[in-house]
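can't give you the sequence, but here's the structure:
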């Protein structure tokens, strides 16, 4: 099936997300759609899938103009969207999943299991899938789940399949399996739109690429004509954000070291050092394992293997309380879920970690808490009217500062910040960067986890890039730029530099 | 938005704001209204104000005495519910601790302490000590089932409720312990002219638990755990310990309630005592403005909640409502209370 997009515009409020994108996919073609987070890929595909409506522009399918209002209309036209979060019900067998919402019933209005089973068997044979349709979806690994979704799409006569980052959580072997399936579909003239950050995979499997940046189509062509290096450049733009002249970071003493940290299937053999006053970035794409790594280091989850050293002495961290006692602070991602306690006031949210430390005979020393917090309100520039108001009355940026205050109250030697600028506005973002730099200048070791290469380049002295749970490379000084980060994060290598 | 409504000048908008945002305010208003109604029903007599007052007072002492033990149980229930849990086992724990207490102090031929040669005050002290220990142990057992065994509180306490009651009933079959007269003094000692010891215990415990909940690290951690367990854990709160302790305290309070109960009446119906008291306690907690989803609630609210239900029972009595219909009124008041409370925006 051929699809043609002409001059698609879409905005959300004042935010122009797509600025006249044109795009074609031919019969039986595997087409890569690349771009950084927020480039407009998902919006474009959601328009094709009928999830959201375009503002203007035309879509032609096999030369006929179409306009989808609902996902079902796109499905009826033969377009299937396989989302990153798979759409299967774990507690049902495969063949029932194949018919969710369109169950085959017999005359008594009961499910006709036999017919559903037979049809599933038939399509599996057709597609060369070696799976027992009676297997529970729960027992499948992610690649097979994806294959089941593809088979379901095929059963609904899909002729174009959109796959949104299908390989992020797959192992190498599983990726092979999915690729085989994609090639099989290609032979049968099914078109595939493949959204991915993994440039090596795109080189391997795709015919054509389209690259979006800030809602514009910035590059397109045949994959065979370009290198992964070129693709990375297209994604971040030609002018790399040259780092603002950064002080040459002189490595202080080592304060924190992790050796051979491993947890099966999540992260593998991670070793790194952190120095006094250093801001060390950890970045990578979805599924790189960095958040899980630091959850383990902070004692929330257990790692299988590895050791941690603080001030060159090995320390043992079994739980969060240990980690806090040893001088580690941890600002988690997803503030609402992991950070704030919605039924408590600002002061309590800002001091909960130190309650036990400053307690007198188990009683909370509220005067002392107020004193500590008021100093922080000044130094962190938290804007608030009354510290006894509920935490929900603060803006996102100020909430984040309160959570930061709670950790700074423990005087940590090492501060781990996972996505510290998530959901805060531009002004607060700058404030938080400044606070972080200030802390580092006073000798704290800081680790920042972020998926935004720009942020890492902007604030870190050094960055470690992870890929599939492993350290893919390290960048610093001149090599610390968005281009190198993107290359490493997509599984590539950069020229090793002396360092 | 809150800013605007708070600054609304008219009295009505101010009352509305308070009503919606301070559960204590609305429950207190409800209680005051009920007391006024109750007073009116009792009939106000200007001519003989002295005798009117003494009958009014006697009525109140009766109400409070009868509700002291449920009031004590409800204090523990409040902490449990704030922590995001529930304790269905309080009624059975009451009967189990009550039974053991009576076996210990029994002055009949089977009395345990009597056969060991211990009687009088020493026997009472030992018995009370054992009972408090037993209540706490049963509570922490439930707590461990919930935290270490990862069983949902509803299921764990449902199981405990069945086990405690059934075992107690089995062993107490045909056994009728005699509570020594002296033991009854614990609840029936007169302060001045009034027999108000159970009320005194209730007030003291309420004050203690109010302070625990408001001023101690543990009390605030209970709120943190109930409000957002994940955040609490990531902030270094020992969530398992806090939860276990909450159920332990609940068990301890139930044991105290059983002492009050046994010393007040001098006997216990092992088949029925305490049955339904878990629901009465939960009802009082909910009427007092504590949220079943955890994180929000106050000890003072629960005290008012107990009083509201007690006054209502008293009113139903005065109005001569048939006994079978009274439970229906309890149901209505619980549902109405929650209907009037502020709902989380979804």
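Sure thing, it's come through. If you're wondering where the values come from, they're calculated on a predicted model, not measured in any experiment.

who touches residue B:191 in this structure?
B:197, B:200 (CB atoms under 8 Å, 6 or more residues apart in numbering or on different chains). Where C-beta positions appear, they are placed from N, C-alpha and C, glycine not excepted.

Could I get the pLDDT score of it?
Listed pLDDT for residue B:191 reads 84.

Also residue B:45?
For residue B:45, pLDDT reads 68.

likewise residue A:44?
For residue A:44, the model assigns a pLDDT of 90.

Distance of it relative to residue A:310?
Counting by CB to CB, to the nearest Å, the separation of residue A:44 from residue A:310 is 48 Å.

before we move on, what about residue A:236?
36 Å.

Please give the number of neighbouring residues around the closest residue to residue B:35 other than its chain neighbours.
Excluding its sequence neighbours, the residue lying closest to residue B:35 (CB to CB, 6 or more residues apart in numbering or on different chains) is residue B:311, at 6.2 Å. Residues lying near residue B:311 (other CB atoms under 10 Å in any protein chain shown) number 20.

Look up phi and psi at residue B:311.
Dihedral pair for residue B:311: phi -60, psi -40, per degrees, to the nearest 10.

Is it correct that it is in contact with residue B:41?
No: the pair residue B:311 and residue B:41 fails to qualify as a contact (CB atoms under 8 Å) at a distance of 10.7 Å.

give me the residue from chain A nearest chain B.
Chain B sits closest to residue A:343 of chain A, with a gap of 3.8 Å, by CB to the nearest CB.

ok now the helix or strand that contains residue B:168, how far from the chain's centre?
Applying DSSP states H and E as the criterion places residue B:168 in helix B:153-171. How far helix B:153-171 lies from its chain's middle: 19 Å, per CA atoms, centre = their mean, to the nearest Å.

what bits of the stretch 301-450 of chain A have low per-residue confidence?
Scanning the stretch 301-450 of chain A for pLDDT under 70 picks out A:426.

Residue numbers of it in contact with chain B?
Residues of the stretch 301-450 of chain A lying close to chain B by CB under 8 Å from any CB of the partner chain are A:320-321, A:324, A:330, A:332, A:337-344, A:348, A:352-353, A:355-356, A:359, A:362-364, A:393, A:406.

burial of residue A:460, as a residue count?
Residues contacting residue A:460 under the criterion other CB under 10 Å number 27.

cool, and residue B:112?
18.

Also the one 10 residues further on?
Neighbourhood size, residue B:122 [other CB under 10 Å]: 10.

Going along the chain, name the strands of the stretch 101-250 of chain A.
A:160-164, A:191-195, A:208-213, A:216-222 (DSSP state E, counting those that start in this stretch).

Listing partners with orientation, what would you give for the second one?
The strands beside strand A:191-195 in its sheet (DSSP bridges) come out as strand A:30-34 (parallel), strand A:160-164 (parallel).

Quick one: mean pLDDT for it?
In the prediction, strand A:191-195 has an average pLDDT of 93.

Also the last one?
Mean pLDDT, taken over the full extent of strand A:216-222, equals 90.

same for the helix holding residue B:168, what does it pack against?
For helix B:153-171, the packing partners by 3 or more CB pairs under 8 Å, 6 or more residues apart in numbering or on different chains; DSSP states H and E come out as helix B:90-105, helix B:120-147.

Quick one: list the elements packing against the helix or strand residue A:471 falls within.
Using DSSP H and E, residue A:471 maps to strand A:470-476. In terms of contacts (3+ CB pairs under 8 Å, 6+ apart), strand A:470-476 is packed against strand A:267-275, strand A:462-467, helix A:482-489.

residue contacts, the residue of chain A closest to chain B?
Residues near residue A:343 by CB under 8 Å, 6+ apart: A:390, B:223, B:226, B:227, B:228, B:295, B:296.

Recalculate using a threshold of 10 Å.
For residue A:343, the contacting residues are A:349, A:390-392, B:82, B:223-224, B:226-228, B:291, B:293-297, by CB atoms under 10 Å, 6 or more residues apart in numbering or on different chains.

Just give me the closest of those residues to residue A:275.
The shortest approach to residue A:275 among the contacts of residue A:343 belongs to residue A:349, at 31.3 Å (CB to CB).

quick one: contacts for the closest residue to chain A within the stretch 101-250 of chain B?
Residue of the stretch 101-250 of chain B nearest chain A, by CB to the nearest CB: residue B:227 (3.9 Å). Residue B:227 makes contact with A:340-344, B:82-84, B:291, B:293-296, according to CB under 10 Å, 6+ apart.

Please enumerate the strands of the stretch 251-400 of chain A.
A:254-263, A:267-275, A:279-284, A:305-310, A:313-315, A:328-331.

Reformat these as JSON lines; add mean neighbour count.
Below are the strands of the stretch 251-400 of chain A laid out as JSON lines (neighbours: other CB atoms under 10 Å in any protein chain shown):
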{"stretch": "strand A:254-263", "mean neighbour count": "18"}
{"stretch": "strand A:267-275", "mean neighbour count": "19"}
{"stretch": "strand A:279-284", "mean neighbour count": "26"}
{"stretch": "strand A:305-310", "mean neighbour count": "17"}
{"stretch": "strand A:313-315", "mean neighbour count": "11"}
{"stretch": "strand A:328-331", "mean neighbour count": "25"}
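
will you turn these into CSV that also has distance to residue B:180?
Listed next are the strands of the stretch 251-400 of chain A as CSV, based on distance: least, CB to CB, whole Å:
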stretch, distance to residue B:180
strand A:254-263, 63
strand A:267-275, 68
strand A:279-284, 71
strand A:305-310, 62
strand A:313-315, 59
strand A:328-331, 59
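
Sketch out the strands for chain B, chain order is fine.
Using DSSP state E, no strands are found in chain B.

Listing request: residues of it with sub-threshold pLDDT.
Applying pLDDT under 70 to chain B flags the ranges B:1-9, B:44-46, B:342-346.

Identify the residue nearest the geometric centre of it.
residue B:74 (2.2 Å; CA atoms, centre = their mean).

quick one, what contacts that one?
B:67, B:81, B:90, B:202, B:206, B:209, B:253, B:257, B:277, B:280-285, B:287-288, B:290, B:299, B:302-303, B:305-306, B:309.

Residue 204: how many residues sit nearby?
Went with chain A since none was named. Around residue A:204 there are 11 residues (other CB under 10 Å).

Oops, wrong one, chain B.
When neighbours are counted by other CB under 10 Å, residue B:204 registers 11.

quick revisit: please check the contacts of residue B:74 and keep the buried ones.
Buried subset of those (neighbour count, 16 or more other CB atoms under 10 Å in any protein chain shown): B:67, B:81, B:90, B:202, B:206, B:209, B:253, B:257, B:277, B:280-285, B:287-288, B:290, B:299, B:302-303, B:305-306, B:309.

These in helices, which ones?
B:67, B:81, B:90, B:202, B:206, B:209, B:253, B:257, B:277, B:280-285, B:287, B:299, B:302-303, B:305-306, B:309 (DSSP state H).

of those residues, list those near chain A.
The subset of those within reach of chain A, by CB under 10 Å from any CB of the partner chain, is empty.

Give the burial count for residue A:418, as a bare number.
21.

ok so, going back, looking at the helices and strands packed on helix B:153-171, which is buried most?
helix B:90-105 (a mean of 26; mean count of other CB atoms under 10 Å in any protein chain shown).

Endpoint to endpoint, stretch A:286-301 covers what distance?
19 Å (CA to CA, to the nearest Å).

Buried residues, it. List them.
Buried residues in stretch A:286-301 (16+ other CB under 10 Å): A:287-300.

which two from those residues end up farthest apart in space?
Within these, A:287 and A:299 form the most distant pair, 22.8 Å apart (CB to CB).
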